[in-house]
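# Give me the fold of what follows.
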Amino acid sequence: MRTFRKLVTAVAAAAALAGSGLLAPAASAAPQEGVGHETRPGQPYGGVQRARDWLGSYLVGGEQVWCVRFALKAPDTGEQYRPGEALLTKWGTPLPAETAANISYLLLRYGDTRDPDQAAALAHLLHSWTSAPRDPGDLDPAKPFEQIGYDVDLQYRKLPAGARTAVQRLRADAAENHGPWRAAMRAPEQEQIIGRPADWQVTVAHPDGRGVTGVPVRITATDAEVAGLDEHGIARTPADGGPLHLEVTPTGPNPQVHGVLATPADRPYVREAVHDPDGVQRVVSTGGEEQLTITAAGRAAPAPGRVALGKIDEQSRAGIGGVALRVSRPGGQPALRADGSPLTGPDGKPVVLTTGPDGRVGIPDLRAPQRIEVTELAPARGYGQAFDPARPPSITGDLLPGRTLELVLPNKADTPTVPIRIPAGDPGAPGGTVELGEAAALAVLGAAGTAGLLARRKLLAGRR
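The predicted structure follows:
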C-alpha cells in the first residue's frame, strides 16, 4: 500500500463529529467542484437529459468533501453542516459492514487526493455503494432526483481510462486493507542503559494479522530520544509489512514513547446540511478515520561501571598474586550488578576474588553509582607480619556511571630472619650442626671474636 498523505493529526473528523464541522457562513454560494472528472452526457432523470455529471470532490467551507446519495443537489461552498448519523444508502438502509469499512478506509487513504483519476474513482465508488439501484425501475429516467439510482455501469463506461483503472485499484485496495486495524507498541523487556539506544517496535495490523504498510505514526517521548523521525516527528510502517523499529535512547530512568496514528473506522458518518437536509447531498470527508494512541514504557539505569582491584608490594610496587579479596558495599552488603542483582559467591555472601599472577583482578558491569569496599581476607605468603585479622586491610571508593574504579591495596613484606649454622656436639661427629636464631648467632659470633682477639695478643707478647 502506498504511503498515506493524510497527517495523523488531522482534526477535521473529530471537529465535525463534535458538532463544529463545516460551519461556514450562512450566505449561499455556488457549488465549487474540487478534483475529479465530468462525464458527458449526464445521466437523465426527472424527464431531463442532463449535459454532464461531476464525479469528484467539492470544496465546502475551505475543505475537500465527498458527496453521497447521488443526484441530490451539490453542496454550496457556504453550506452549513452538522454531524449526522451513520452512513446509510440513498434508500435509508444500512450498509453492509464490509462496504462501510471499505468506505472508511478509502476516505482515510484517498480523502485528500489531488489526483483527478483517484478522485473520480472515489466518487464513483461512493455513489455505487450508497445509491446503487435496487431494481431496474430505480433507473427510470422519468424518476425525480431524490428517487433515481446511480447507473453504475453507464457511469463507469464514461470515465476516462485512467479513472477506470483507478476504480479497480481503489476497490482492491479497500478490500485488502480496510479496518479496523490493531496497533501496539512494545518496549524492550530488558532494562536499558541510559545513553544507549535499543529497539522499540510499533505494529499496525489488519484483522487477519497482516501488517499495514506506509502508516504514518507521530512519535513523542519522555525521558528518551527517538532517532529516524522526520521534521514532523513522524515515522512510517515499513513496506514489507513488518514492525516499525524505533531506535530509542533513554535520557532518564523512566523512558516512555507515545504514538498517534489515524486508522479507518469500522463505519463512516455523514454530515447533513442544516437548512435543507432533504434537498442537498450528504457529505463525508475524514469521517472515516479514528485516531489511536499507543504507548509503551521501559526502565533504564545509568551506564554500568567497572572495578579494577590490585594487590601490590608497598616498596617494589610489584603485583602480589593469589590474594583473596572480598568485594562488598560498606557495611558488608553485597555489591550490585548492573541489573540490580547482588554480586555474591556460591555461598550467597559477598563475592571473593583472587588476584592473578600480576596482582590484579577486575569486575565489569556493576551498578553505578555505588560505593565499593574491598577487604583482604588472608595475607599472601611473606606478608603476614603486618596483617591484623581483627582489622584486615581494606579500601573503599565510589563507582561512577561508565567509569572504572581502581582500588589498590599495598602490603608490607615481612622482615626476613637470618639463620646461622654452627657445629654442635662432638667436633669429631660428622655433620653435627644446630640452627640458632639471629640474636643467639650474634652472641656466639661476638664471643668467638673476643676469644680470637685475646689469643692474638698473647702470641705477640711471647715474641717480644
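
# And stretch 180-194, end to end?
37 Å (CA to CA, to the nearest Å).

# Now it: average pLDDT?
Across stretch 180-194, the average pLDDT comes to 94.

# swap in stretch 34-48?
pLDDT averaged over stretch 34-48 gives 95.

# can you check stretch 210-229 too?
Here the average pLDDT along stretch 210-229 is 96.

# Same question for stretch 235-245.
Stretch 235-245 comes out at a mean pLDDT of 96.

# Next: stretch 89-104.
Mean pLDDT, stretch 89-104: 92.

# So which residues of this protein form helices?
Applying DSSP state H to the chain gives helices spanning 12-17, 97-110, 116-131, 152-158, 161-177, 438-463.

# what sits against the most centrally placed residue in the chain?
What sits nearest the mean C-alpha location of the chain, by CA atoms, centre = their mean, is Trp200, with 2.7 Å. Under the criterion of CB atoms under 8 Å, 6 or more residues apart in numbering, the contact list for Trp200 reads Met185, Arg186, Ala187, Pro188, His245, Leu246, Glu247, Val248, Val257, Ala296, Gly298. Heads up, the C-betas are built off the backbone N, CA and C, glycines and all.

# Just the buried ones from these, in ChimeraX syntax?
Buried residues within the contacts of Trp200, by 16 or more other CB atoms under 10 Å, are selected in ChimeraX with:
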select :185,186,187,188,246,248,257,296,298
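
# and which of the contacts of Trp200 is nearest to Pro94?
Set against Pro94, the nearest of the contacts of Trp200 by CB to CB is Met185 (34.5 Å).

# Which residues does that closest one form beta bridges with?
With DSSP bridges as the criterion, Met185 is bridged to Val202.

# thought it was touching Ile294?
Yes: the pair Met185 / Ile294 is scored as a contact, 4.4 Å apart, by CB atoms under 8 Å.

# joint contacts of these two?
Taking CB under 8 Å, 6+ apart as the contact rule, the neighbours common to Met185 and Ile294 are Val202, Gly259.

# Domain boundaries for this protein, per the record?
12-179+266-288, 182-264+294-301, 305-411, 420-463 (automatic domain parsing).

# hey, least reliable of the ones you listed by pLDDT?
Note on the domains of the chain: domain 420-463 shows the lowest mean pLDDT, a mean of 42.

# measure Phe70 to Gln118 for me?
Separation of Phe70 from Gln118 (CB to CB, to the nearest Å): 19 Å.

# Neighbour count: the two, which is higher?
Phe70 (25 against 22; other CB atoms under 10 Å).

# Run through the residues that contact the more buried one.
Going by CB under 8 Å, 6+ apart, Phe70 touches Lys90, His127, Thr130, Ser131, Ile148, Gly149, Tyr150.

# Equivalent analysis for Glu98, please.
His178 are the contacts of Glu98 under CB under 8 Å, 6+ apart.

# Relative to Cys67, how far out is the nearest residue to Arg267 once chain neighbours are set aside?
Of all residues not flanking Arg267 in the chain, Ala100 sits nearest, at 4.3 Å (CB to CB, 6 or more residues apart in numbering). Taking CB to CB as the measure, Ala100 falls 17 Å from Cys67.

# Between those two, point out the one with more neighbours.
Between Ala100 and Cys67, counting by other CB under 10 Å, Cys67 is the more crowded of the two (27 against 22).

# My guess is that one contacts His124. True?
No: using CB under 8 Å, Cys67 makes no contact with His124, being 11.8 Å away.

# Using JSON lines, lay out the contacts of Trp200 together with distance to Gly402.
Listed next are the contacts of Trp200 as JSON lines, based on distance: CB to CB, whole Å:
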{"residue": "Met185", "distance to Gly402": "29"}
{"residue": "Arg186", "distance to Gly402": "27"}
{"residue": "Ala187", "distance to Gly402": "23"}
{"residue": "Pro188", "distance to Gly402": "20"}
{"residue": "His245", "distance to Gly402": "26"}
{"residue": "Leu246", "distance to Gly402": "24"}
{"residue": "Glu247", "distance to Gly402": "20"}
{"residue": "Val248", "distance to Gly402": "19"}
{"residue": "Val257", "distance to Gly402": "24"}
{"residue": "Ala296", "distance to Gly402": "26"}
{"residue": "Gly298", "distance to Gly402": "19"}
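
# Next, count neighbours for Ala142.
Count around Ala142 with other CB under 10 Å applied: 11.

# do Gly340 as well
So Gly340, with other CB under 10 Å, has 10 neighbours.

# for it, what are its contacts?
Glu191, Ala301, Arg367.

# Skipping adjacent residues, who's closest to the first one in space?
Going back to what we said before, that points to Glu191. Arg299 (4.6 Å).

# Same check on Thr415?
Excluding the flanking residues, the one nearest Thr415 by CB to CB, 6+ apart is Gln385, at 6.6 Å.

# Ala198 is in contact with Ala227, correct?
No: with contacts counted by CB under 8 Å, Ala227 stays clear of Ala198, the gap being 11.2 Å.

# Which of these two has more residues huddled nearby?
Taking other CB under 10 Å, Ala227 and Ala198 do not tie; Ala198 has more neighbours (19 against 10).

# who are the neighbours in contact with Gly179?
Gly179 touches Ala101, Ser104, Tyr105, His206, Pro207, Thr263, Pro264, Ala265, Asp266, counting by CB under 8 Å, 6+ apart.

# quick one, what contacts the residue nearest to Glu191?
Glu191, Gln192, Pro253, Asn254, Pro255 are the contacts of Arg299 under CB under 8 Å, 6+ apart.

# Kindly indicate the member of these with the most neighbours.
Across these, neighbour numbers were computed from other CB under 10 Å; Pro255 holds the maximum, 26 neighbours.

# Leaving out chain neighbours, which residue sits closest to it?
Excluding the flanking residues, the one nearest Pro255 by CB to CB, 6+ apart is Ala224, at 3.7 Å.

# burial measure for the one you found, as a count.
Counted with other CB under 10 Å, residues neighbouring Ala224 total 25.

# Quick check: it touching Thr251?
Yes: contact status for Ala224 versus Thr251: in contact at 5.9 Å, counting by CB under 8 Å.

# Mind listing the residues bridging to Ala273?
Beta-bridge pairing of Ala273 under DSSP bridges involves Tyr81.

# any idea where the strands of the stretch 151-300 of the chain begin and end?
In the stretch 151-300 of the chain, the segments counted as strands under DSSP state E, counting those that start in this stretch are 182-186, 192-193, 198-205, 216-222, 224-227, 234-236, 244-250, 256-264, 269-273, 282-284, 289-297, 300-301.

# Export these as TSV, with columns for distance to Lys158.
TSV is the format used below for the strands of the stretch 151-300 of the chain (distance: least, CB to CB, whole Å):
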stretch	distance to Lys158
strand 182-186	40
strand 192-193	60
strand 198-205	37
strand 216-222	35
strand 224-227	49
strand 234-236	37
strand 244-250	42
strand 256-264	29
strand 269-273	26
strand 282-284	23
strand 289-297	31
strand 300-301	62
